[in-house]
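Participant: Sequence first, then the predicted structure, then my questions.
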Amino acid sequence: MKKYEKYFTKEYMMGPNCIRLADELMKMNGKPLRGRVLDLGCGCGLTSLYLAQDSGAETVFAQDLWVKAGDNLRRFRDWGVEDKVIPIHADANDSPFADGFFDAVFSVDAYHYFAREKGYFQEKIMPLMKKGGCALIAVPGLKKEIEGEPPALMTQWAGDEWTYFHSCAWWKQLIEQGYEDTVTVETWESEQNDLIWQEWFDSGHEYALNDQKYLKQGLDEMMSFVLMKITKK
Ligand SMILES: C[S@@+](CC[C@H](N)C(=O)[O-])C[C@H]1O[C@@H](n2cnc3c(N)ncnc32)[C@H](O)[C@@H]1O
């Protein structure tokens with residue numbers, strides 16, 4: 001992790017420390033990736049850098065919607081991974097990739113923005129994967145589901161987006177239930193919750209300082225990072 005610390009800055013970070021989450025996903029996976037890996041919602045490409053250097057992937061396709069491919073290409077050049085990481089500007093809802101193209105799909109701190117509908121994984125993500133391939137996904141979430149009205153602090157912080165945050169059990173049910181013949185879903189909670197948030201706060205990014213203000217008033221007790229491994233049968 002030491003070699004990545006120079007990237008933990010507001011210039012590259014777009015949320016809680018995505019490299020630590022990526023590393024935890026890889027440890028949970030327990031074996032290296034291989035072949036072609038899609039980094040879906042890669043932001044400024046930090047997880048793509050990690051995947052290129054430390055996951056075993058041969059080629060990483062770094063796809064994002066808000067960040068331009070040209071800006072990511074410039075970073076991948078500066079970081080010396082231009083030959084291994086291909087930047088793509090595209091919406092996850094309208095994938096430019098062929099069916100069965102990827103050995104693995106990877107996504108950190110992005111999936112909760114666009115994939116909360118039942119059947120989304122099966123319609124949009126699973127077709128891109130080879131049989132036997134896996135998706136490794138990390139999202140900010142909740143230790144347990146909010147029953148009824150959310151705490152006022154939660155809506156003051158996240159507005160309508162408080163509905164993006166869910167528990168491990170909720171994500172497992174969303175992706176697996178009714179589709180048990182095609183996928184298995186394993187979930188974990190991150191063991192590095194506080195550190196992952198703290199390194200984001202320490203970046204000094206204006207959004208990080210706002211997150212810190214709300215989390216430190218008690219929301220941090222409810223929040224968690226949900227890690228998932230979804231295997232295509
Ligand atoms: C909070 S940022 C995190 C970026 C990066 N994964 C990281 O952790 O630094 C969320 C990312 O999700 C991406 N995203 C949101 N909706 C998307 C969509 N429909 N298709 C592709 N990417 C999307 C955004 O472009 C943004 O870069």
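Facilitator: Done, it's in.
Participant: For stretch 107-126, give the mean pLDDT please.
Facilitator: For stretch 107-126, mean pLDDT rounds to 98.
Participant: SS state for residue 163?
Facilitator: Here residue 163 is recorded as helix under DSSP: H, G, I helix; E, B strand; the rest coil.
Participant: Could you double-check that residue 116 sits in contact with residue 170?
Facilitator: No. Contact criterion C-beta atoms under 8 Å: residue 116 and residue 170 do not qualify, at 9.4 Å. Bear in mind the C-beta positions are built from the backbone N, C-alpha and C, glycine included.
Participant: and stretch 159-174, how far out from the chain's middle?
Facilitator: Averaging C-alpha positions (C-alpha atoms, centre = their mean, to the nearest Å) puts stretch 159-174 14 Å from its chain's average.
Participant: what residues does it touch?
Facilitator: 112-113, 116, 118, 121, 139-146, 150, 154-155, 158, 185, 187-189, 223-224, 226, 228 (C-beta atoms under 8 Å, 6 or more residues apart in numbering).
Participant: now with 7 Å?
Facilitator: With contact meaning C-beta atoms under 7 Å, 6 or more residues apart in numbering, stretch 159-174 is reached by 112-113, 116, 118, 140-145, 150, 154-155, 185, 187, 189, 226, 228.
Participant: Filter those down to the buried ones.
Facilitator: 112, 140, 141, 142, 150, 154, 185, 187, 226, 228 (16 or more other C-beta atoms under 10 Å).
Participant: Not including adjacent chain positions, what is the nearest residue to residue 58?
Facilitator: Leaving aside its sequence neighbours, residue 58 sits nearest to residue 35 (C-beta to C-beta, 6 or more residues apart in numbering; 5.5 Å).
Participant: where exactly do the strands run in this structure?
Facilitator: In the chain, the strands defined using DSSP state E lie at 36-40, 59-64, 85-89, 102-108, 129-142, 183-189, 223-232.
Participant: want to throw the ones you listed into TSV with distance to the ligand?
Facilitator: Shown next, in TSV, are the strands of the chain (distance: least, C-beta to the nearest ligand atom, whole Å):
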stretch	distance to the ligand
strand 36-40	6
strand 59-64	4
strand 85-89	9
strand 102-108	5
strand 129-142	9
strand 183-189	18
strand 223-232	11
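Participant: Redo those as CSV? Include distance to residue 24.
Facilitator: Output for the strands of the chain, formatted as CSV (distance: least, C-beta to C-beta, whole Å):
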stretch, distance to residue 24
strand 36-40, 16
strand 59-64, 18
strand 85-89, 21
strand 102-108, 10
strand 129-142, 7
strand 183-189, 8
strand 223-232, 6
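Participant: so of these, which one's packed in deepest?
Facilitator: Highest mean neighbour count among the strands of the chain (mean count of other C-beta atoms under 10 Å): strand 36-40, with a mean of 27.
Participant: which bits of this structure sit near the ligand?
Facilitator: 14-15, 18, 41-43, 46-47, 64-67, 91-93, 108-110, 113-114 (C-beta under 6 Å from any ligand atom).
Participant: Give me the below-cutoff pLDDT ranges for this structure.
Facilitator: The model of the chain has no residue with pLDDT under 70.
Participant: For it, which helix extends over the most residues?
Facilitator: The longest helix of the chain (DSSP state H) is helix 18-29.
Participant: List the neighbours of it that are in contact with it.
Facilitator: In contact with helix 18-29 (C-beta under 7 Å, 6+ apart) are residues 1, 4, 7, 46-47, 50, 55, 108-109, 136, 138, 188, 190, 192, 195-196, 225, 227, 229.
Participant: quick one, that helix and strand 36-40 angle?
Facilitator: 130 degrees (axes from the mean of the first three to the mean of the last three C-alpha atoms, to 10 degrees).
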